[in-house]
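*Asks:* Sequence and predicted structure, then a few things I'm wondering about:
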Amino acid sequence: MKKNDILDLTVCEIVRVVRKRELSASDILEAYIASAEKTDTEVNAYITKTYDLARAQARRADERIADGDVPVLCGVPFAVKDNFAVSGVPMTCASEILRGFVPPYSAAAYERAAEAGGLLLGKTNLDEFAMGSSCEKSVFGATKNPLDRKKSPGGSSGGSAAAVAIPSAAWALASDTGGSARQPAAFCGVCAVKPTYGAVPRYGLTEFASSLDTVCTITRDVRDSAYVLETLVGRDCRDMTSLDLAGTKYTEGIEDGVKGLKIALVNGWEDFVDDAAVKCVKRTADVLRKLGADIVTVDVPCLGEAVEIYLTVSAAEASSNLARYDGIRYGKKADGESVAEIMKGTRSGGFGDEVKRRILTGTYVLSSVLTGDYYRRIKAAQAEVCRRIYDLFGKIDILLMPTTAGAAFDIGSFNENPTDMYGSDRFTVIGNLTGCPAISLPAGGDGHMPVGVMLMGDRRSEPMLYRAAFAAEAELKEFVKGETGNE
């Protein structure tokens, strides 16, 4: 099999050929390494490449295969966003303040993927500390969209999405605090799932906003997403928010279709998106209706205020979480004659503008000037959003929305007004505020670049979401090819 043919294989197909011994784990790995070496100088998807580690893992995988032991991800090359810890591998969070830091521990999600036979190709680029929606806010430079180098791959998990789209990884670990996995997936024409909060343990994921952060996967298709997620979910004693979901089989029943499901469009959503997104969402609704779903419309009045609530909550939690990076406890230490000077120099020189902006906002929100009352009101507003959404899911099964306002924007589009980028999370933040799962998949394009749609359900409704996403994906593939020029 030629290298290009290997790169065309999905995760499930890689596992199948490995089990049949048609290819070795080392064969597959070398094809992906060659792809990464060929493309990454221009795309900049990776911060750190771990080829030596991957080759050692591939040799071990081949030994296991020879012994008849083929775990579920055996021989599958994957990438990890550089805000997840991997023991012995640098973790930077794309920030100057963590340059040179090498963790002595590994994230739970990485441990599970590696134990299942995965091969780690490297750590991917991101917006600094996962704060951004374009993958431009990195001390290592911007990641480019592999479908058009002038376009953003989305953020903050832009490196992970770009690596899967090239492909220089068969799948990738990502994080999502307000849309950071789903928006890049939409821009790069791949699939991302934000599972129920706590489904995948957060241990070893660098905290941005702890009550919103979710471990996600980015894959090339829906079946791969379900297959990989099965390996990652489950309780971990190091994360008390993790859920006891081990053994859940998301691939079982994935082909059962959508007949009888009530899927809702949000009234007024068209006012916030471009023509390509309108076309793709309506097309998806038509496809699901044709397949037997009941398509309805609903009012979600809290959708308009969700971004403001998200920005306040996430900034407050970011301010608290990033307080530890002061050059005394953690972080690259600046020179100074006093503790105050060291802390000032460390944080001034170590953090980028976007991170500083969110720290300052969060610190003010929590400050004694406001006596904590503003933050209490914001949390009360979040609780009301949750109540309304949970009540809504008592009446419908799935919400269908655009993932983003349209296709990928040009790199540098928000340089003059960086806060304007916050609006790109309008539809995605609701899943983080409520802890509900959501899946983004490509549904067409604007004639050049892909456009994503999002399916969102109640907590722990991933099996149903995968059924709907899988059914829609099969019907939308030809539209995606025809409207993006991607074969």
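*Replies:* Yep, it's here. Residues are numbered from 1 along each chain as shown.
*Asks:* Mind listing what's buried along the stretch of helix or strand residue 478 belongs to?
*Replies:* Assigned by DSSP states H and E, residue 478 belongs to helix 462-484. If you call a residue buried by 16 or more other CB atoms under 10 Å, then helix 462-484 has these buried ones: 462-473, 475-476, 479-480, 483-484. Backbone N, C-alpha and C define where each C-beta goes, glycine included.
*Asks:* So for the protein, the centremost residue is which one?
*Replies:* Central residue of the chain (CA atoms, centre = their mean): residue 181, 2.1 Å from the mean position.
*Asks:* for residue 92, what are its contacts?
*Replies:* 47, 48, 82, 98, 99, 101, 123, 139, 140 (CB atoms under 8 Å, 6 or more residues apart in numbering).
*Asks:* so of those residues, which ones are in strands?
*Replies:* Those of the contacts of residue 92 mapping onto strands are 47, 48, 123, per DSSP state E.
*Asks:* What is the neighbour count of the second one?
*Replies:* It stands for residue 48. Other residues near residue 48 number 17, with proximity taken as other CB atoms under 10 Å.
*Asks:* do residue 417 as well
*Replies:* 8.
*Asks:* which residues of the stretch 201-350 of the chain fall in strands?
*Replies:* In the stretch 201-350 of the chain, the strands defined using DSSP state E, counting those that start in this stretch lie at 214-219, 262-266, 294-298.
*Asks:* Of the ones you listed, which is nearest residue 362?
*Replies:* Residue 362 lies closest to strand 214-219 among the strands of the stretch 201-350 of the chain, at 19.3 Å (CB to CB).
*Asks:* Within its sheet, name the partner strands of the closest one and how each one runs.
*Replies:* Here strand 214-219 has these sheet partners by DSSP bridges: strand 171-176 (antiparallel), strand 191-194 (antiparallel).
*Asks:* between these, which one is nearest to residue 314?
*Replies:* Short answer: strand 171-176, nearest of the strands paired with strand 214-219 by CB to CB, at 11.8 Å.
*Asks:* Just give the number of residues close to residue 334.
*Replies:* 18.
*Asks:* Buried residues, stretch 104-111. List them.
*Replies:* In stretch 104-111, the ones that count as buried by 16+ other CB under 10 Å are 106, 107, 108, 109, 110, 111.
*Asks:* Residues touching it, excluding its own?
*Replies:* 80, 84-88, 114, 120, 173, 200-205, 215, 232, 236, 238-239, 242.
*Asks:* what's the span of it, first residue to last?
*Replies:* 13 Å (CA to CA, to the nearest Å).
*Asks:* again with stretch 263-280
*Replies:* The first and last residues of stretch 263-280 sit 16 Å apart, counting by CA to CA.
*Asks:* tell me what the lowest-mean-pLDDT helix or strand in the chain is packed against?
*Replies:* None of the helices or strands of the chain scores lower by mean pLDDT, DSSP states H and E than helix 3-7, at a mean of 85. Here helix 3-7 touches helix 25-43, going by 3 or more CB pairs under 8 Å, 6 or more residues apart in numbering; DSSP states H and E.
*Asks:* Send me the helix it packs on as CSV with only the CA atoms.
*Replies:* Output of helix 25-43 as CSV, limited to C-alpha atoms (Å, rounded to 0.1, in the frame of the first residue of the first chain):
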residue,chain,number,x,y,z
ALA,A,25,2.1,0.0,13.1
SER,A,26,5.6,1.1,11.9
ASP,A,27,4.4,1.3,8.3
ILE,A,28,1.5,3.5,9.2
LEU,A,29,3.6,5.7,11.5
GLU,A,30,6.2,6.4,8.8
ALA,A,31,3.6,7.5,6.3
TYR,A,32,2.3,10.0,8.8
ILE,A,33,5.7,11.2,9.8
ALA,A,34,6.5,11.8,6.1
SER,A,35,3.2,13.8,5.8
ALA,A,36,4.1,15.9,8.8
GLU,A,37,7.6,16.6,7.6
LYS,A,38,6.3,17.6,4.2
THR,A,39,3.5,20.0,5.3
ASP,A,40,4.3,21.4,8.7
THR,A,41,6.9,23.9,7.8
GLU,A,42,4.1,25.8,6.0
VAL,A,43,1.1,24.9,8.1
